[in-house]
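I'd like to go over a predicted model; first the sequence, then the structure.
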Amino acid sequence: MEKKRIVVKIGSSSLTNYKGEIDEVKFNDHVQAVSALRNNGHEVILVSSGAVAAGFARLGYPTRPITLKGKQASAAVGQGLLVQAYIEGFSKYDIIPAQILLTRHDFASRDRYKNAFSTLTELLERGILPIINENDTVSVEELTFGDNDMLSALVSGLVHADQLIILTDINGLYDSNPRENPQAKRLDYLEKITDDMLQFANGAGSSLGTGGMKSKLLAARTALSLGVHVFIGTGNGKDKLMTILTGKGDGTYIGNELLSSINTRRQWIAFHSDVTGKIFVDNGAEVALLFNGKSLLPAGIYEFEGNFKKGDVVEVYGTHQLLGKGEINFSSSELKKAMGKRSSKEITNLPVEVIHRDKWVKAEIWGELS
């Protein structure tokens, strides 16, 4: 089997027990399986939940706290316990873990996003196992990823992974809730995630975690849009992850042969950038952008909104819909002078392209996920 880059996401319910303790049997099972992947020559990034679940009992909470301060305090205690357990567990296999805590700020900032990519790449090249979690101790609701399912999807795109494996306590996706309908049929293979699939996937799967099946479906759809194949399911034993890679896992495989990776710059533009303005283009520019792979030129622009500077990200609208967004080469004042002009001679000391095609992303990449 060729060497692959794999992101493995492990949820709280797969790591801890109802008492808020790290479950040694579950934990060691995961450590052995990840180590087996590494021993078979694959690169692995581990996205691990469990900080809040592992810490709340040490603070005297009888169950997982619901207040923000309770969650953050639990994470502060639990993250240390979790990393210590990983260091001890992987030391038996001569694997050195590296802890990385991320927030939405790290993705929203272009420089931080590039730095995260560089750091992860360097760790992998040096044979280190990155273990990623959201920085729950400082995150607030509007700056969180929602759950680590989505974080794992975004990380898998960032590192251009070949496969995202989301381990959970249910063996895949079903056409109805298997806990309520004994006749529910498992979906072994899917090419995409549709809106209909999201309608029956509600609620969290466990009181210890934040992510239910709906969050896993949304994460899978995000990963697919970034060119990453996905597996959602369960497994036991040291060979469970290798079994999943061979196509024999106990769960659902999602993806198709047409998936293609998106470069790091376009990922940032599509999923993480702040939009500072809107540009409106004519039909000719719309066709050039959507179907001919062209850059956006001043001639096709007839109106814009917002106050932006060179390097900002703006949305582009056609006659009837949002077309996409991109990194603009003009400030709003410069664009006001240049828009509608068809000759480079009419535009002095300014770039030819308003948005270069290499810094442009179609709305279909992210639109259905918002």
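That came in fine, so what should we check first?

going forward, measure contacts and count neighbours with C-alpha atoms only.
Will do.

how about stretch 280-292: buried residues?
The neighbour-count check on stretch 280-292 (16 or more other CA atoms under 10 Å) flags 280, 281, 282, 285, 286, 289 as buried.

ok, residues contacting it?
With contacts defined as CA atoms under 8 Å, 6 or more residues apart in numbering, stretch 280-292 is touched by 294-297, 300-304, 316-319, 323, 357, 362.

could you tell me which of these count as buried?
Among the contacts of stretch 280-292, those classed as buried by 16+ other CA under 10 Å are 294, 295, 296, 297, 300, 301, 304, 316, 317, 318, 323, 362.

wait, residue 277 touches residue 308, no?
Yes - with contacts counted by CA atoms under 8 Å, residue 277 reaches residue 308, the gap being 6.4 Å.

ends of stretch 176-191, how far apart?
For stretch 176-191, the first and last residues are 18 Å from each other (CA to CA, to the nearest Å).

how about it: buried residues?
So stretch 176-191, judged by 16+ other CA under 10 Å, has buried residues 176, 177, 186, 188.

the domain parsing of the chain - what is it?
Domain assignment for the chain by automatic domain parsing gives 5-264, 273-369.

same list, those, but as CSV with mean pLDDT please.
Formatted as CSV, the domains of the chain follow (pLDDT from 0 to 100):
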stretch, mean pLDDT
domain 5-264, 86
domain 273-369, 88
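
and residue 248, how many neighbours does it have?
Neighbourhood size, residue 248 [other CA atoms under 10 Å]: 13.

gap between it and residue 42?
Residue 248 is 18 Å from residue 42, where distance means CA to CA.

cool, and residue 342?
Distance, residue 342 to residue 42, using CA to CA: 52 Å.

distance from the chain centre to the longest helix along the chain, please.
Longest helix in the chain by number of residues (criterion: DSSP state H): helix 68-91. Relative to the mean C-alpha coordinate of its chain, helix 68-91 is positioned 22 Å out (CA atoms, centre = their mean, to the nearest Å).

then stretch 53-61?
Distance, stretch centre to chain centre, for stretch 53-61: 28 Å (CA atoms, centre = their mean).

hey, C-alpha coordinates of it in PDB?
Taking Å, rounded to 0.1, in the frame of the first residue of the first chain, the C-alpha atoms of stretch 53-61 are listed here in PDB:
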ATOM      1  CA  ALA A  53     -14.600  15.200  29.400                       C
ATOM      2  CA  ALA A  54     -11.400  14.200  31.100                       C
ATOM      3  CA  GLY A  55     -11.200  17.300  33.300                       C
ATOM      4  CA  PHE A  56     -14.600  17.900  34.800                       C
ATOM      5  CA  ALA A  57     -14.500  15.300  37.500                       C
ATOM      6  CA  ARG A  58     -11.200  16.700  38.900                       C
ATOM      7  CA  LEU A  59     -13.000  20.000  39.400                       C
ATOM      8  CA  GLY A  60     -15.800  18.300  41.300                       C
ATOM      9  CA  TYR A  61     -18.500  18.500  38.600                       C
END
